[in-house]
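**Q** prediction below, plus the sequence it came from.
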Amino acid sequence: MNLNKIIKLKNLRDQKLDMRKNKEEYIFYNKNGNVFIGLATIMVFLLIIMSIIFLNVSNDSNQINNDAIDSNSFNYMIQDYNRNIPVLGKDIMGKIANDTIHNYVPCSDSPNTIKKRLQEKLDEKNEEIGNNNNIMMESEVLSVYNGNNPYHVNIKTHIHGKKGNLEYDEVIESVVKIEGLKDPLPFLMCKNKPNLSENGTKIIYHDSLEAYFIENNLLNPYAYNNASSPLIIKKCPYDPYEHHGDGHTLKNCIDNGYYHESADGACYLCRLEGKGVCNHYGLETFIVPNKVNELNFRSISSSDHVIFNDHYPGENLGFYKNGSIYEILFLDDSHRAKYGVEHLSYI
């Protein structure tokens, strides 16, 4: 009996121990489970935070890249726009010159005419840029004028561009280089007998210049029958000009149809208006008489501004001889000194 009680007590004790052990294990695993759940929750939260940060950084990076692309595109568009102004200006001046040559009608107020036509071209360009590039462009041609260089025409333009936060606002000065443009002045000065012709590089006057001489009661008009002069503006490379008296330099200059700087000659804007001289620092070239076989006569000096305005005489200068035939100019003392040919009768 006592033995049975002892066994029962032992079993009861073991059961209690098992229950306590199970309870402790339950508590242990429950605590660990809560810890794991908490850690997992924290990790998920951290992953979410990191993802958000990554997305924000990625979006910021993309925005920076997009802003950089937009900025580069905007800046390139502005630079291209600015570079295009002298191109448009030269094209407009070339068309005006062609019109005056074909119609023998001078351009009235050439700076203002160029300004208006350029403004029209820029307005069209502004609309095109707005439609194709979503950039608001505004421009105003402020002035077209001569500078210190007679081979340049200057254009001043106010330009404003805007795209989003990007903005450009400047007044720029562009330079149109007139080399390569046609000289309309001879056609306009001989408009009363428009019998001139050109071959792409040279003007042949036929009897037009002779008629001009007769009309203006100038010395020896027949000396300039079938005379010629350059058609295209080209800057003379022989500088200083006194070197024209060296060797065959003067002949090379005339054969190539070069122009020279001149305080007395007309600038290109005034040539478009049919003015033989003007108050601006301008250009002069030679009007070359037909070849002759003698050097015993005089006529008006062969600089174009002298023929078309000043009308003073020059002495016969045979600058090249082939057999018995001379290529000649008529030059006054000041032009002989300017080009270094005072000592020449022929070369």
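**A** Cool, the structure landed.
**Q** buried residues in the helix or strand containing Ile155, which are they?
**A** Here Ile155 sits within strand 152-163, counting by DSSP states H and E. Buried positions in strand 152-163, judged by neighbour count with 16 or more other CB atoms under 10 Å: 152-157, 159, 161, 163. C-betas here are computed from N, CA, C, even on glycine.
**Q** what's the next secondary structure element after that strand?
**A** Downstream of strand 152-163, the next assigned helix or strand under DSSP H and E is strand 166-177.
**Q** elements contacting that next one?
**A** helix 2-103, strand 152-163 (3 or more CB pairs under 8 Å, 6 or more residues apart in numbering; DSSP states H and E).
**Q** how about the shortest one as CSV, C-alpha atoms only?
**A** Provided in CSV are the C-alpha atoms of strand 152-163 (Å, rounded to 0.1, in the frame of the first residue of the first chain):
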residue,chain,number,x,y,z
HIS,A,152,31.5,92.8,-92.5
VAL,A,153,27.9,93.9,-91.9
ASN,A,154,26.9,93.7,-88.2
ILE,A,155,23.5,92.6,-86.9
LYS,A,156,22.3,93.3,-83.3
THR,A,157,19.5,91.0,-82.1
HIS,A,158,17.6,90.6,-78.8
ILE,A,159,16.9,86.9,-78.2
HIS,A,160,14.8,85.3,-75.4
GLY,A,161,14.2,81.6,-75.0
LYS,A,162,12.4,79.6,-72.3
LYS,A,163,11.8,75.9,-71.6
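**Q** paired strands for that strand, with orientation please.
**A** Sheet partners assigned to strand 152-163 using DSSP bridges are listed as strand 136-146 (antiparallel), strand 166-177 (antiparallel).
**Q** tell me which of those sits nearest to Phe74.
**A** Comparison of the strands paired with strand 152-163 against Phe74 by CB to CB identifies strand 166-177 as nearest, at 4.6 Å.
**Q** state the mean pLDDT of stretch 301-315.
**A** Stretch 301-315 shows a mean pLDDT of 96.
**Q** if you could redo that for stretch 126-137, that was the one I meant.
**A** Across stretch 126-137, the average pLDDT comes to 94.
**Q** what does stretch 151-165 give?
**A** 96.
**Q** ok, the residue nearest to Gly147 when sequence neighbours are not counted - contacts?
**A** Leaving out its chain neighbours, the residue that sits closest to Gly147 by CB to CB, 6 or more residues apart in numbering is Asn154, at 4.7 Å. Residues near Asn154 by CB atoms under 8 Å, 6 or more residues apart in numbering: 144-147, 173-176.
**Q** separation between Asn154 and Leu185?
**A** Per CB to CB, to the nearest Å, Asn154 is found 21 Å from Leu185.
**Q** then Glu215?
**A** Distance, Glu215 to Leu185, by CB to CB: 17 Å.
**Q** the two - which one has more neighbours?
**A** Between Glu215 and Leu185, counting by other CB atoms under 10 Å, Leu185 is the more crowded of the two (29 against 12).
**Q** quick check on the residue nearest to Ser262 when sequence neighbours are not counted: phi, psi?
**A** Of all residues not flanking Ser262 in the chain, Glu284 sits nearest, at 3.9 Å (CB to CB, 6+ apart). Glu284 has phi and psi values of phi -140, psi 150 when expressed as degrees, to the nearest 10.
**Q** surely Glu284 is in contact with Ala263?
**A** No. Here Glu284 does not reach Ala263: they are 9.5 Å apart, not a contact under CB atoms under 8 Å.
**Q** who has more neighbours, the two?
**A** Ranked by neighbour count (other CB under 10 Å), Glu284 and Ala263 place Glu284 first, with 22 against 12.
**Q** next, the contact list for that one, please.
**A** Glu284 sits next to 259-260, 262, 264-265, 303-305 when contact means CB under 8 Å, 6+ apart.
**Q** out of the residues you listed, list just those in helices.
**A** Taking DSSP state H as the definition of helices, the contacts of Glu284 contribute 304-305.
**Q** still on that earlier bit, what's the most buried one of the strands paired with strand 152-163?
**A** Stretch with highest mean neighbour count among the strands paired with strand 152-163: strand 136-146 (a mean of 17; mean count of other CB atoms under 10 Å).
**Q** contact partners of it?
**A** Residues outside strand 136-146 that contact it (CB under 8 Å, 6+ apart): 81, 89, 110-112, 114-115, 118-119, 122-123, 125-126, 129-130, 152-163, 171, 267, 269, 280-281.
**Q** recalculate using a threshold of 6 Å.
**A** Residues external to strand 136-146 that are found in contact with it (CB atoms under 6 Å, 6 or more residues apart in numbering): 111, 114-115, 118-119, 122, 126, 129, 154-162, 267, 280.
**Q** how about stretch 318-328?
**A** By CB under 6 Å, 6+ apart, the residues outside stretch 318-328 that reach it are 250-251, 289, 291-293, 295, 316, 346-347.
**Q** kindly report the same for stretch 329-347.
**A** 241-242, 244-245, 286, 299, 301-303, 312, 314, 317-321, 326.
**Q** what about 8 Å?
**A** With CB under 8 Å, 6+ apart as the test, stretch 329-347 has contacts from 223, 241-248, 250-251, 254, 286, 288-289, 295, 298-303, 306, 312-321, 326.
**Q** out of the residues you listed, which are buried?
**A** Listed as buried from the contacts of stretch 329-347 are 223, 241, 244-245, 250, 254, 286, 288-289, 299-303, 306, 314-321, 326; burial here means 16+ other CB under 10 Å.
**Q** out of those, list just those in strands.
**A** 299-300, 314-321, 326 (DSSP state E).
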